[in-house]
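*Asks:* Dropping the sequence and predicted coords here.
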Amino acid sequence: MYQGAGKRRSPLQSSATVISMMASDIAAILISLYFALHLGLDRLFGRWISIEQAISEGPSLGTQIGFLLWFISVLLIVNHSQGLYGSLRIQTVLNEQRKTVQSCLVAGLLLCGGLYMTHNTSISRAVVVYLVCLTTALLCVARGIWRYSIHRDYEKGRETRNVVILGASHMGEAVRAQVDKNRRLGRTFKGFITTHEHHRRAADQNFDLVIGKLSELRHLVRRHFIDEIIIAESCTTPTVVEIVELARELDVEVLVIPGFYEDMTPEAPIFYLGDFPVVALHIRNDRVFARLFKRVLDFALSSILFLLLLPVLLLIAVSVKLTSSGPVFYISDRIGRKGRVFHLWKFRTMVADAEKLKAALTAENERDGILFKIKNDPRITPLGRFLRKYSLDELPQIFNVLLGDMSLVGPRPPIASEVAKYELEHYRRLEVLPGLTGLWQVKARHDPSFEQYVALDLAYIENWNLWLDLKILLRTAEVVFRGTGS
């Protein structure tokens, strides 16, 4: 049976989150500066003054901006060196707050040092003190909010990483207990894998959670959407090297318990997985900046499309309701990125009991393999046929894009029964967000071959870039206006 999986994350906080955290730190500094100017200059001038007055009555604008950029740069660099833009899971709340205070004080001292070295006496020292103190307070609050929101997602099973543990031993069981007990680690345990020599012992100990052997690692990673391998037993160095090489190929991270492979991790930093110290042998190199931009573009374009097409959406909804009995929308459970199940929205184009009639039409299926499609499907309503011709039934999926379940461009999301029949290479379709349109839709929409369907999706994944997305969107618009849809 097919089982869904959570979204994939890096063991260190993803670069997208790092950018967001840096942006929030800069915002905190600017907010602190606003109040510091009022509080500090109120004491200096003996009255409450505006920011415009502070700029005009203080040192030159270039000087003020220069010292502000110096303070921001130093604070970001010190925060990064302290690991405050790393994973929130690898340090305690008190440790994180202590480092935040230390970073702000160091940045404040370096700001004062810059003022002293340049012999600048025109900038109020009261403003500097207020700036540092307010920034410290706001950053501490911001860190607490970040941690709370991320932990809340983890406890609900969102944004977690799928983990397998190599070694169904006492150490492996202890690590599993940490992962299962502490949801705030952001991991979902998928099972144990064993080396060939330890597989029989694991079976003798009745480890029902063993999902396979090390020789099956490639298949297990694809099948269970594994993000992280934790090595919790001693293996030979060639075996570990082989695991790391396979992890690089499959884009999976590898963690080990320190002490097993000290010769391979002499300079690697140690962080904690619950109570256990771990070291990273391989960290995935995601194209995070491009993916972040793709997500921003998806949200922006989908918002614009929704506003522009709102009258059309309302008109279609009323027409569907008036021309046939049944709900306006057809909501289908689909399999998204990393196997996560989500609700896909479409305008209903078939009669209300279409699913019950599908079994009787199986012999007329015109698609190869696991796809199902009939050219003159008797279940489609007259309005539904028009909507499908111009792909208007797909418009409600704009909501799925806005919610982050889908992208504007990507492989089409399959249903669970299709995924249950997937072969190993087919699972690569689920490594990216599914799309409202894709390469197959604009190149081979009427091709019945499932292999062609998969080949085009895999070609998109391998060669993805923003320019390719733009070309597919333009070709999709052409297909819609020509009415060459299904």
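*Replies:* In hand now; what should we look at? Numbering: from 1, shown residues only.
*Asks:* Hmm, Ala168 is touching Phe192, no?
*Replies:* Yes: applying CB atoms under 8 Å as the test, Ala168 and Phe192 come out as touching, 4.0 Å apart. Where C-beta positions appear, they are placed from N, C-alpha and C, glycine not excepted.
*Asks:* Just the pLDDT for Ala359.
*Replies:* At Ala359, the model reports a pLDDT of 60.
*Asks:* and what of Glu267?
*Replies:* With respect to pLDDT, Glu267 scores 57.
*Asks:* cool, Arg200 as well?
*Replies:* Arg200 is given a pLDDT of 51.
*Asks:* Would you mind measuring from Ile415 to Pro434?
*Replies:* 11 Å (CB to CB, to the nearest Å).
*Asks:* Touching both of those two, which residues are there?
*Replies:* Common contacts of Ile415 and Pro434 (CB atoms under 8 Å, 6 or more residues apart in numbering): Arg334.
*Asks:* what about those two, which has more around it?
*Replies:* Pro434 (25 against 16; other CB atoms under 10 Å).
*Asks:* That one - nearest residue in space that isn't next to it in sequence?
*Replies:* Excluding its sequence neighbours, the residue lying closest to Pro434 (CB to CB, 6 or more residues apart in numbering) is Pro413, at 3.6 Å.
*Asks:* what does Val78 give?
*Replies:* Nearest one to Val78, counting by CB to CB, 6+ apart, is Ser103 at 4.4 Å.
*Asks:* what's the neighbour count on that neighbour?
*Replies:* 24.
*Asks:* Just confirm it is within a helix.
*Replies:* Yes: checked against DSSP: H, G, I helix; E, B strand; the rest coil, Ser103 lies within a helix.
*Asks:* Quick check: the gap between it and Tyr453.
*Replies:* On the measure of CB to CB, Ser103 and Tyr453 end up 51 Å apart.
*Asks:* residue ranges of the helices in the stretch 251-400 of the chain, please?
*Replies:* Using DSSP state H, counting those that start in this stretch, the helices of the stretch 251-400 of the chain run over 288-323, 354-358, 382-389, 397-403.
*Asks:* now the angle from the helix or strand where His38 lies to helix 288-323?
*Replies:* Using DSSP states H and E, His38 sits in helix 15-45. Angle, helix 15-45 to helix 288-323, by axes from the mean of the first three to the mean of the last three CA atoms, to 10 degrees: 100 degrees.
*Asks:* Quick one: distance of helix 15-45 to the chain centre.
*Replies:* In this view, helix 15-45 has its centroid 28 Å away from the chain centroid, taken as CA atoms, centre = their mean, to the nearest Å.
*Asks:* Tell me which other helices or strands it touches.
*Replies:* Packing partners of helix 15-45 (3 or more CB pairs under 8 Å, 6 or more residues apart in numbering; DSSP states H and E): helix 51-57, helix 61-81, helix 125-155, helix 288-323.
*Asks:* on that earlier part again, is it possible to get the helices of the stretch 251-400 of the chain out as CSV so that each row also shows mean neighbour count and distance to Phe67?
*Replies:* Converted to CSV, the helices of the stretch 251-400 of the chain look like this (neighbours: other CB atoms under 10 Å; distance: least, CB to CB, whole Å):
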stretch, mean neighbour count, distance to Phe67
helix 288-323, 14, 29
helix 354-358, 14, 67
helix 382-389, 18, 61
helix 397-403, 20, 41
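*Asks:* Relative to Met21, which of those helices is closest?
*Replies:* helix 288-323 (13.0 Å; CB to CB).
*Asks:* What average pLDDT does the closest one get?
*Replies:* When pLDDT is averaged over helix 288-323, the result is 87.
*Asks:* Repeat that for stretch 119-139.
*Replies:* Mean predicted confidence for stretch 119-139 is 83.
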